[in-house]
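In: this is a predicted model, with the sequence first.
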Amino acid sequence: MVDFGGWDMPVQYSGIVDEHNTVRTAVGLFDVSHMGEIEIRGPEALKLVEHVSTNAASKLAIGQAHYSGLLYEHGGFVDDILVHKVADDSYFLCVNASNQDKDFEHIRAHNKFDCEVEFASPRYAQIAIQGPKAIDVAAKLTAVDLNAIRYYWFADGEFAGVPARIARTGYTGEDGFEVYVAPEAAVAVWNAIMEAGTPFGIKPCGLGARNTLRLEAAMSLYGHEIGASITPFDAKLGWIVKMDKGDFVGRDALVKQRERGLTRALAGFEMRGRGIARDGYEVTIDGAAAGWVTSGSPAPTLSRNIGLCYLPVDRARVGEKIGILIRNQTVEAEVVPTPFYRRSK
Amino acid sequence: MSYPENYRYTKEHEWVSLADGIATIGITHHAQEELGDIVYVDLPKAGTAVEKSKTFGSVESVKAVSDIYAPVSGEVTEANELLAASPEKLNEDPHGAAWLIRVKVSNPDEFSHLMPAAEYQTYVGAES
């Protein structure tokens, strides 16, 4: 167990590689109860969500979710979040554990719409069932028609005998569900899923596999690819920013950034020489400092050493030869397309 | 897991055996277990000088990099070639085939100051 922002979190159970492969080929179970939840309710809930987040919440149907950003006025990330539309006057936000307090304060500070903003984390535990067999396992525990829940949609219903929010979302690059239940029910729900999953080879998975899985899928992690000094455009997340939806916090800064032009961009790379890039390592081009590694790891599914890094925008091109400074030695790497891994549909 | 009686151990979880002035150095079962799946081992070449308590190489698991400290001082005579191609052997046989380096020791007294097996076992028992 490691301390993760005040939570005792398992890094691994049977081993990172074993857990990783289990999620890619069968099904894995993650306790992600540390994630935060914030609820926004009221007649003008949509206006507040639109005002504080970058994606177009007005486009969401009831029962639909999307990935979005909360930005500071200067355009950097407060957090990256999932927005779920529960009802016309009710939105459910899933946020990062380590950011939940500042997210809540940030949203409250911009609440000029008289909405009810609730710090709802104490009311939810979250369990993620991920992998190609996730739907088979989950289907044994609920009468909700899971096939009818499309990717990035959700339904409320009974799951393992308790009220739950069942979202077809995840952070692994695989199909799967993130199930929100009351904390009192979490242990029983976890055990029920493990039992239902036994015929499918289910295994509990820790933070280590969660990181290698999301990295192969090139999904951002706050504090690594994104942060307070990084804008969505830097992080290749322009697709979660809807500049034409009207004003939102951070929009002016993004307009200015676009006028000035980007200076850096996130890029995926593969090691060509022997060595593993790690978070924070320096990236060089032609021997000169050019950027930094945001995440780096062996990729168990690909049997290659991969990473994400920031580079000058004109060098963040597929095929660019870069160097990674590993213990004072430059090791060759090359910019490659992302995601590194994409599941076959 | 048993820790060989004829080895000595460090608080940083290296082991060392000594025969004819040549020390064989590795990491302990406890260390490999803590690290998890080992995917890369970085070792010095023959001829490199190592100094007690100074880092001489690193072992990487999927999750992280860990420095390896020299339990004794001397000159590297051999690095285990097995580990370049098969780093996972460190998870399988840390006290045997997956030794890291051999060192011609410059001060044999350093060996006797390290922890015997029973003391190390108590130490890792207390740590975990």
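Out: In hand now; what should we look at?

In: enumerate the residues of chain B near chain A.
Out: Counting by C-beta under 8 Å from any C-beta of the partner chain, the residues of chain B lying close to chain A are B:Gly36, B:Asp37, B:Val39, B:Tyr40, B:Asp42, B:Ser58, B:Glu60, B:Ser61, B:Val62, B:Lys63, B:Ala64, B:Val65. The C-beta positions use only the backbone N, C-alpha and C, and glycine is treated the same way.

In: who does the fifth one bridge with?
Out: Applying DSSP bridges to B:Asp42 gives these bridge partners: B:Ser58.

In: residue contacts, it?
Out: Contacts for B:Asp42 were tallied using C-beta atoms under 8 Å, 6 or more residues apart in numbering or on different chains; they are A:Gly275, A:Arg327, B:Gly57, B:Ser58, B:Val59, B:Glu60.

In: find the nearest non-adjacent residue to the residue most central in space within chain B, please.
Out: For chain B, B:Gly26 is the residue whose C-alpha lies nearest the centre (C-alpha atoms, centre = their mean; 2.3 Å). Computed as C-beta to C-beta, 6 or more residues apart in numbering or on different chains, the closest residue to B:Gly26 that is not its neighbour in sequence is B:Trp99, at 4.3 Å.

In: state the distance from that neighbour to B:Asp109.
Out: Distance, B:Trp99 to B:Asp109, by C-beta to C-beta, to the nearest Å: 22 Å.

In: and what of A:Gly197?
Out: Counting by C-beta to C-beta, the gap from A:Gly197 to B:Asp109 is 57 Å.

In: try A:Ala217
Out: According to C-beta to C-beta, A:Ala217 stands 54 Å off from B:Asp109.

In: what about residue 76, how many residues nearby?
Out: No chain specified, so I'll use chain A. A:Gly76 is flanked by 18 other residues according to other C-beta atoms under 10 Å in any protein chain shown.

In: should've been chain B
Out: B:Val76: 22 neighbours (other C-beta under 10 Å).

In: and it, that one's in a strand?
Out: Yes - under DSSP: H, G, I helix; E, B strand; the rest coil, B:Val76 sits within a strand.

In: not counting the helix or strand where A:Ala155 lies itself, show me its contacts.
Out: Remark: A:Ala155 resides in strand A:154-159, with elements defined by DSSP states H and E. Defining contact as C-beta under 8 Å, 6+ apart, one finds that strand A:154-159 is touched by A:63-65, A:84, A:86, A:138, A:141-144, A:148-149, A:163-169, A:179, A:181, A:189.

In: what lines up beside it in the sheet?
Out: Here, using DSSP bridges, strand A:154-159 pairs with strand A:162-167 (antiparallel).

In: and the strand it pairs with, average pLDDT?
Out: Averaged over strand A:162-167, pLDDT sits at 98.

In: again with stretch A:22-34
Out: Stretch A:22-34 shows a mean pLDDT of 97.

In: show the end-to-end separation of it, please.
Out: Start and end residues of stretch A:22-34 are separated by 22 Å (C-alpha to C-alpha, to the nearest Å).

In: before we move on, what about stretch B:55-68?
Out: Taking C-alpha to C-alpha, stretch B:55-68 runs 5 Å from one end to the other.

In: so what's the gap between that stretch and the chain middle?
Out: Distance of stretch B:55-68 from the chain centroid (C-alpha atoms, centre = their mean, to the nearest Å) equals 12 Å.

In: quick one: contacts of that stretch?
Out: With contact meaning C-beta under 8 Å, 6+ apart, stretch B:55-68 is reached by A:11-12, A:16-17, A:20, A:208, A:211-212, A:276, A:278, A:297-298, A:300, A:327, B:12, B:14, B:27, B:31, B:35-44, B:48, B:50, B:69-70, B:76, B:87, B:90, B:100-101.

In: which ones among those map onto strands?
Out: Judged by DSSP state E, strands contain the following of the contacts of stretch B:55-68: A:297-298, B:14, B:27, B:38-42, B:50, B:69, B:76, B:101.

In: so which of the residues of chain B next to chain A is the closest to A:Phe119?
Out: When the residues of chain B next to chain A are compared for distance to A:Phe119 (C-beta to C-beta), B:Lys63 wins out at 31.6 Å.

In: who has more neighbours, A:Gly197 and B:Asp109?
Out: Neighbour totals were compared for A:Gly197 and B:Asp109, and A:Gly197 leads with 25 against 8 (other C-beta under 10 Å).

In: off-centre distance for the helix or strand containing the more buried one?
Out: Per DSSP H and E: A:Gly197 is located in helix A:183-197. Centroid separation for helix A:183-197 versus its chain: 23 Å, with C-alpha atoms, centre = their mean.

In: angle of that helix against strand A:162-167?
Out: 70 degrees (axes from the mean of the first three to the mean of the last three C-alpha atoms, to 10 degrees).

In: continuing past helix A:183-197, what's the next helix or strand?
Out: Proceeding N to C from helix A:183-197, the next assigned helix or strand is strand A:203-205, under DSSP H and E.

In: contacts for that next one next, please.
Out: Strand A:203-205 has contacts (C-beta under 8 Å, 6+ apart) with A:10, A:13-14, A:18-20, A:22-23, A:26, A:28-31, A:130, A:194.

In: cool, and stretch A:14-30?
Out: So stretch A:14-30 is contacted by A:12-13, A:127-134, A:136-137, A:172, A:174, A:176, A:190, A:193-194, A:197, A:200-206, A:208-210, A:212-213, A:300-301, B:36-37, B:61-63 (C-beta under 8 Å, 6+ apart).

In: now with 6 Å, please.
Out: A:128-131, A:133-134, A:137, A:172, A:174, A:193, A:197, A:200-205, A:208-210, A:212-213, A:300-301, B:36-37, B:62 (C-beta atoms under 6 Å, 6 or more residues apart in numbering or on different chains).

In: looking at the contacts of strand A:203-205, which are in helices?
Out: The helices, defined by DSSP state H, take in A:Asp18, A:Glu19, A:His20, A:Thr22, A:Val23, A:Met194 from the contacts of strand A:203-205.

In: just give the nearest non-adjacent residue to the fifth one, would you?
Out: Excluding the flanking residues, the one nearest A:Val23 by C-beta to C-beta, 6+ apart is A:Gly131, at 4.6 Å.

In: in chain B, where's the longest helix?
Out: What stands out as the longest helix in chain B, according to DSSP H, is helix B:117-127.

In: contacting residues around that helix?
Out: B:Tyr3, B:Glu5, B:Tyr9, B:His30.

In: likewise for stretch A:227-234?
Out: Residues contacting stretch A:227-234 (C-beta under 6 Å, 6+ apart): A:Gly69, A:Gly75, A:Gly76, A:Ile240, A:Val241, A:Gln257, A:Leu262, A:Arg264.

In: from memory A:Thr169 sits against A:Val179, does it?
Out: No - assessed by C-beta atoms under 6 Å, A:Thr169 is found out of contact with A:Val179, at 10.2 Å.

In: between these two, which one's more packed in?
Out: Set side by side, A:Thr169 and A:Val179 show more neighbours around A:Val179, with 26 against 21, by other C-beta under 10 Å.

In: contacts only, for the more buried one.
Out: So A:Val179 contacts A:Ile127, A:Phe159, A:Ala164, A:Ile166 (C-beta under 6 Å, 6+ apart).

In: show me which of these is closest to chain B.
Out: For chain B, the nearest member of these is A:Ile127. The distance, counting by C-beta to the nearest C-beta, is 22.4 Å.

In: okay then, goodbye and thanks.
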